[in-house]
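K.L.:
Provided below for reference: sequence and predicted model.
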Amino acid sequence: MRGNGNDNGFSGAGLRRLREVLEAHVESRKIPGLVALVARGGETHVEAIGTMRHDGGLPMRRDTIFRMASTTKPVAVAATMVLLDECRLRLDDPTDHWLPELADRQVLKRPDGPLDDTVPARRPITVRDLLTSTCGLGLDMTAIGSPMMSAYFRQRVYGENGWMLPAVEPDEWMRRLGTLPLMYQPGERWLYNVGDDVLGVLVARVTGQSFEAFLRERIFDPLGMKDTGFHVPADKIDRLPPLYAPDPQTGEFTVEDPAEGGHHSKPPAFQSGGGGLDSTVDDYHAYFRMLLDRGTHGTRRILSRPAVELMTTNRLTPEQTAALQAWARGVVHLSHGQGQTGGWGFGMTVRTYRGDYAPIGQFGWDGGAGTTTYADPDNGLVGILLTQTGMSTPDSARAMRDFWATLYQAVDD
């Protein structure tokens, strides 16, 4: 992991290039500011560039707090893994006891067909189905405009108050979800996001604690993730930038979510495992380093080694992987996203083929708020790039791609 006299396994020239590339993205005035962390071989390098607002003001800092969006998923899934380790849940147990709203489901005969044209589910939804996002419920970019996709928003499962996170208490959210059929049979096809939000409800019902309280007790506090949670308290709100959604035509900065008085300034009704966390580069580094260290943090074990292996290796069949790739192509087209990585573990993607600079086995995920976090067991590295410039324009996605390209160019063995 170390070579050429570089204690951290990165070349000095490579790290300078990394900073220059990121500075260029900020100097283009398409991204107000960003924070990046790269770590390898026990050494950590952080860059904080630009300002928190597009019109200046406070500079980005190492402890700036970001809306993690879908980069929440790889962290939130750890709560379920704790319950599996303790045999309070089992992978192939039906979830009917804990989630009666999803028992005795009907399934659409065609995923794009009428909501009343259904057949009974062949079996119950299991914990494994939720973990692998194959429970039959989810957002399908290949079926936009279908009755089922429209029903998610009509029933206000998503989209209430114009926000893509659930906006009601978990029991009410589950009631709404339970009025809808499944798009596919349980275990049949990979679908995005809904399973991650259902897992948060499952954890809360099994433990008798809120999802956040359990995550804090078992994951955040043991890892020292002191700035991670489902909202930013008042005494830290000055460290949260606005979330921008630039106008696709003009590039003009539009505030999608302000800091003070915004969606993340107060405790949410629903603690979303699909996209609700706020965090910092150091907190996320602690979590992903724990995964690289096979579940340990210092002398403390957070997750079992097999739990980490299940999370961070591909769990999909070839047919399910094809569905994931079809979804990825749709996302790339719609939101300039990161592209295709091959597989899916629990709560995160896993690279199963080499299509760019990153090797097979790299795991993590990206977020629509302009966030990307991956760990790479082969090179022993963690990379994190956080912006608050959403995917309405290609700018943050391009910064992410350049970040990963320059990071891997900086690896020096």
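P.N.:
Alright, I've got the coordinates.
K.L.:
state the phi and psi torsions of Arg239.
P.N.:
Phi and psi for Arg239, reported as degrees, to the nearest 10, are phi -100, psi 0.
K.L.:
for the closest residue in space to it that isn't next to it in sequence, list the residues it contacts.
P.N.:
Closest residue to Arg239 in three dimensions, ignoring its sequence neighbours and counting by Cβ to Cβ, 6 or more residues apart in numbering: Ile65, at 4.7 Å. (Glycine included, C-beta is placed from N, CA and C.) Taking Cβ atoms under 8 Å, 6 or more residues apart in numbering as the contact definition, Ile65 lies against Asp227, Val232, Lys236, Arg239, Leu240, Asp278, Ser279, Thr280.
K.L.:
shouldn't Met68 be in contact with Ser279?
P.N.:
Yes: applying Cβ atoms under 8 Å, one finds Met68 in contact with Ser279, separated by 5.3 Å.
K.L.:
what touches both of the two?
P.N.:
Where contact means Cβ under 8 Å, 6+ apart, the residues bridging Met68 and Ser279 through contact with each are Val75.
K.L.:
after the helix-or-strand element of the chain with minimal mean pLDDT comes which helix or strand?
P.N.:
Comparing helices and strands within the chain by mean pLDDT, DSSP states H and E singles out helix 318-335 as the least confident, with a mean of 73. With elements assigned by DSSP states H and E, the helix or strand that comes after helix 318-335 is strand 342-344.
K.L.:
ok, back up a step: identify, from the contacts of Ile65, the entry nearest to Gly178.
P.N.:
Taking Cβ to Cβ as the measure, Gly178 sits nearest to Asp278 out of these, at 29.1 Å.
K.L.:
and the pLDDT at the closest one?
P.N.:
You'll see Asp278 listed with a pLDDT of 98.
K.L.:
in the protein, which strand is the longest?
P.N.:
When every strand of the chain is counted residue by residue (DSSP state E), the longest turns out to be strand 43-53.
K.L.:
by contact count, what packs against it?
P.N.:
Using 3 or more Cβ pairs under 8 Å, 6 or more residues apart in numbering; DSSP states H and E as the contact criterion, the secondary-structure elements in contact with strand 43-53 are helix 12-27, strand 33-40, strand 56-59, helix 281-292.
K.L.:
what's the most buried one of these?
P.N.:
Per-residue neighbour counts averaged over each of these give the maximum for strand 33-40, namely a mean of 25 (mean count of other Cβ atoms under 10 Å).
K.L.:
contact partners for the closest residue to Leu223 other than its chain neighbours?
P.N.:
When the adjacent residues along the chain are set aside, Leu223 lies closest to Ala286, with 4.4 Å between them (Cβ to Cβ, 6+ apart). Contacts here follow Cβ under 8 Å, 6+ apart; on that basis Ala286 touches Leu223, Gly224, Met225, His297.
K.L.:
filter the residues you listed to the buried ones?
P.N.:
Among the contacts of Ala286, the ones that count as buried by 16 or more other Cβ atoms under 10 Å are Leu223, Met225, His297.
K.L.:
let me know the closest of the residues you listed to Met149.
P.N.:
Distance ranking of the buried ones among the contacts of Ala286 against Met149, using Cβ to Cβ, places Met225 first at 34.3 Å.
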